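# One predicted model, sequence on top.
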Amino acid sequence: MERLELIVVQLEEAKGLIEKGRVPHLRLAYILLDSVTELILHRTVQPALWDQEMLAGVLATYKDLAAGGHQEAAAEIPLIEARVISTSKLREIDRNFDAKVAFLVSRDMLDPALGPVLEKLHKYRNEMYHRDKLRREVLQPATLIYFDSACTALEAYKPGMMAFTGKPLGPELSRFIGGGSGFLEMDIPQRIAAQLRREVGLDLPQVRSALAQYLTARLDEITDGLTFIEDNLGVPPLVRGDALRLVQANLAANPTLEQVRGKKYRFSKADMEQWRGRIDGLESIGDKHELVREYAAIEDEFEPFEELVEKAVRELDREVQMQIDIARGK
């Protein structure tokens with residue numbers, strides 16, 4: 001019972017922080033949701049790995065028998081090996097969020113549609129927690145999506161037998177199951193998830209609009225950055241399209257502008273037009289998981305280019321400011 005209560009308390013605390021609605025509270029809610037989701041994933045993974053130590057022992061025994069000429073044991077080895085997960089893979093599943101997600105999806109223990117959603121949400125958490133990067137424009141919708149996704153993970157959680165221990169329950173869990181004695185019904189995690197999802201809610205049109213606006217604003221900034229480079233880089237004069245190539249070129253090799261223009265690069269004007277088209281296409285997506293998957297795919301595609309442009313703009317802006325200061329005699 002305590003194991004379930006640990007999950008419910010975190011979800012309830014996250015819900016309360018979401019209701020406050022301010023950035024500091026949403027940030028903390030997001031971190032709590034990531035933590036409880038990984039806890040649920042961990043607990044779901046463990047029962048699926050119960051036989052690994054036994055299988056490793058059986059495999060070693062059969063290999064010894066095969067080495068002694070036992071043909072039946074030799075014939076069984078490939079079948080056993082197919083079920084054994086390597087030590088390195090087990091370590092990765094234990095330590096890595098995405099590996100847990102991939103393992104559960106591969107075992108049909110987690111909805112495949114949820115996998116990419118959780119991976120993107122966890123990536124945002126890592127930025128938030130380790131690099132102090134807050135995506136304020138989408139923090140609220142991302143937190144609501146994570147709450148809904150955590151509830152989906154809870155729906156897949158099957159903790160086995162649960163019984164009242166005689167210890168009083170906290171208000172977070174007792175409001176779902178009341179008092180009582182004996183064993184709890186096995187679908188209690190699913191009923192808790194459904195009720196929490198109803199209480200918090202997920203306004204999909206509002207979320208969809210916020211995500212699309214966020215991506216569009218960033219593409220606009222990329223376009224503005226390229227224009228800034230072309231307007232301020234100086235000699236030789238640049239034309240539209242040059243900046244897109246220059247930010248991707250290996251300038252350490254001192255290429256001429258004509259050489260830069262003559263090469264093909266990873267990102268092109270067609271890519272930017274394609275990204276805008278796909279952002280417009282978000283409006284027609286009615287499934288929440290598909291919406292986040294497509295949003296994540298678009299962002300993951302243009303973010304490396306965005307970083308190149310931002311870096312080039314920063315460097316050029318410093319140079320422009322230095323020239324201004326020199327002209328002013330500073």
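Now that the structure is in, tell me what you want to look at. Numbers count the residues shown, from 1 in each chain.

# C-alpha only now, for contacts and for neighbours.
Fine.

# where are the low-confidence patches of this structure?
Within the chain, the ranges that satisfy pLDDT under 70 run 1, 160-167, 178-185, 235, 330.

# Could you rerun that using 50?
181-182 (pLDDT under 50).

# Now Leu134: closest residue in space that isn't a chain neighbour?
Among residues not flanking Leu134 along the chain, Met128 sits closest, at 5.6 Å (Cα to Cα, 6 or more residues apart in numbering).

# and that neighbour, how many neighbours does it have?
17 (other Cα atoms under 10 Å).

# My read is that it contacts Leu139, right?
No: here Met128 does not reach Leu139: they are 10.3 Å apart, not a contact under Cα atoms under 8 Å.

# list the residues that contact both of these two?
Residues touching both Met128 and Leu139 by Cα atoms under 8 Å, 6 or more residues apart in numbering: Arg27.

# And for the strand or helix carrying Leu90, what's in contact with it?
Assigned by DSSP states H and E, Leu90 belongs to helix 87-95. When contacts are defined by Cα under 8 Å, 6+ apart, helix 87-95 is touched by residues His42, Ala99, Lys100, Phe103.

# top of those residues by neighbour count?
Lys100 (21 neighbours).

# From Leu104, how far off is the closest residue to it other than its chain neighbours?
Residue nearest to Lys100 in three dimensions, not counting chain neighbours: Ile93, with 5.1 Å by Cα to Cα, 6+ apart. Going from Ile93 to Leu104 by Cα to Cα, to the nearest Å gives 10 Å.

# go on, Val239?
Where Leu104 is concerned, Val239 sits at a distance of 51 Å (Cα to Cα).

# The two: which has the busier surroundings?
Shown here are Val239 and Leu104; by other Cα under 10 Å, Leu104 has more neighbours (21 against 10).

# List the contacts of Gln190.
With Cα under 8 Å, 6+ apart, Gln190 has these contacts: Leu154, Glu155, Ala156, Tyr157.

# of those residues, buried ones?
For those, a burial check counting by 16 or more other Cα atoms under 10 Å picks out Leu154, Glu155, Ala156, Tyr157.

# of the contacts of helix 87-95, closest to Gly57?
Phe103 (22.1 Å; Cα to Cα).

# give me every residue that touches that closest one.
Val45, Ile93.

# Now do the helix or strand hosting it against helix 87-95, angle only.
Phe103 belongs to helix 97-106 when assigned by DSSP H and E. Relative orientation of helix 97-106 versus helix 87-95 (axes from the mean of the first three to the mean of the last three Cα atoms, to 10 degrees): 100 degrees.

# Name the nearest residue to Arg228, sequence neighbours excluded.
Not quite, residue 228 is Phe, not Arg. Phe228 sits nearest to Val313 (Cα to Cα, 6+ apart), 7.4 Å away.

# now do Leu202
Nearest to Leu202 is Leu144, by Cα to Cα, 6+ apart, at 6.3 Å.

# Can you get me a residue count around the one you found?
Leu144: 25 neighbours (other Cα under 10 Å).

# Just the residues contacting whichever strand or helix holds it, thanks.
Per DSSP H and E: Leu144 is located in helix 136-155. With contact meaning Cα under 8 Å, 6+ apart, helix 136-155 is reached by 11, 14-15, 18, 21, 23, 26-27, 29-30, 33-34, 36-37, 40-41, 110, 114, 117-118, 121, 189-191, 193-194, 196-197, 200-202, 207, 210-211, 214.

# give me that answer again for 6 Å
Outside helix 136-155, the residues that touch it by Cα atoms under 6 Å, 6 or more residues apart in numbering are Tyr30, Thr37, Gln190, Ala193, Val207.
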